[in-house]
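1. for reference, the sequence and a predicted model appear below.
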Amino acid sequence: MERLEFEALTYRPAGLTLREHERGLEQHRVVLGAGPATFGRAKLALRGWATHQSRWLRVFPDHQPPAEGQTVLVLLRGLGLCLSFGCRVVKVIDEPRRSGFAYGSLPGHPERGEELFLIEWHADDRVTFTLRALSRPATRLYRLGRPFGRLMRALGTRQYLQAMRRASAGTIQSR
């Protein structure tokens, strides 16, 4: 982990997922509910890395909220294995009606790119969670494993969306 602190992102420029109409952007949005209580629960859950807490997915360290420049390891566990991939938080959004963060891949990650996790409390009182991703395989070897990579991305997306639905409904606790 310490080695990754000094590594550069594996893509340029940082902040690609903040542009809603970026070419190649994958986007998923769900309505979490309505009102300030839903927004507050969702914001706390996101700041507590609730999206990254399951039997097979974790983030390390998870005891502090995302902060710009912070390096984290995304841990995938299964079949007796634990794989870790470095990411760096490139943007934190902390506005009265929007909250979230984006992180990007570091060397050793199977993908080169960025993900954005965003909670928004809209003028019509809806609260939504948006996940945006822009990535491609990091190496030829990972390109060969693209079907497996797509499966893992789909499972991750499902995990993120379900975690935020549960958190905004108050059915899981965040840190």
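-> Cool, the structure landed. All values derive from a computational prediction rather than experimental measurement. Residues are numbered from 1 along each chain as shown.
2. which intervals of this structure have sub-threshold pLDDT?
-> 171-175 (pLDDT under 70).
3. can you give me the strands in it?
-> Assigned by DSSP state E, the strands in the chain fall at 26-34, 57-60, 71-78, 81-95, 98-105, 111-121, 126-137.
4. can you put these in a markdown table and add mean neighbour count?
-> In this view, the C-beta of every residue, glycine as well, is placed from N, C-alpha and C. As requested, the strands of the chain are exported to a markdown table (neighbours: other CB atoms under 10 Å):
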| stretch | mean neighbour count |
| --- | --- |
| strand 26-34 | 15 |
| strand 57-60 | 17 |
| strand 71-78 | 17 |
| strand 81-95 | 16 |
| strand 98-105 | 23 |
| strand 111-121 | 23 |
| strand 126-137 | 20 |
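5. tell me which of the ones you listed sits nearest to Gly15.
-> strand 81-95 (5.9 Å; CB to CB).
6. between strand 111-121 and the closest one, find me the angle.
-> Interaxial angle, strand 81-95 versus strand 111-121 (axes from the mean of the first three to the mean of the last three CA atoms, to 10 degrees): 40 degrees.
7. make 7 the starting number, not 1.
-> OK, 7 is where the count begins now, so the last one is strand 87-101.
8. could I get strand 87-101 in PDB with only the CA atoms?
-> In PDB, the C-alpha atoms belonging to strand 87-101 read as follows (Å, rounded to 0.1, in the frame of the first residue of the first chain):
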ATOM      1  CA  LEU A  87      -8.200 -16.000  -2.600                       C
ATOM      2  CA  CYS A  88      -7.900 -12.300  -1.800                       C
ATOM      3  CA  LEU A  89      -7.000  -9.900  -4.600                       C
ATOM      4  CA  SER A  90      -6.200  -6.300  -4.000                       C
ATOM      5  CA  PHE A  91      -6.200  -3.400  -6.400                       C
ATOM      6  CA  GLY A  92      -5.000   0.100  -5.700                       C
ATOM      7  CA  CYS A  93      -7.200   3.200  -6.300                       C
ATOM      8  CA  ARG A  94      -6.800   6.900  -5.500                       C
ATOM      9  CA  VAL A  95      -9.600   9.300  -4.700                       C
ATOM     10  CA  VAL A  96      -9.400  12.000  -7.300                       C
ATOM     11  CA  LYS A  97     -12.500  14.100  -6.300                       C
ATOM     12  CA  VAL A  98     -14.700  14.500  -3.300                       C
ATOM     13  CA  ILE A  99     -18.100  16.200  -3.700                       C
ATOM     14  CA  ASP A 100     -19.600  17.700  -0.600                       C
ATOM     15  CA  GLU A 101     -22.300  20.200  -1.500                       C
END
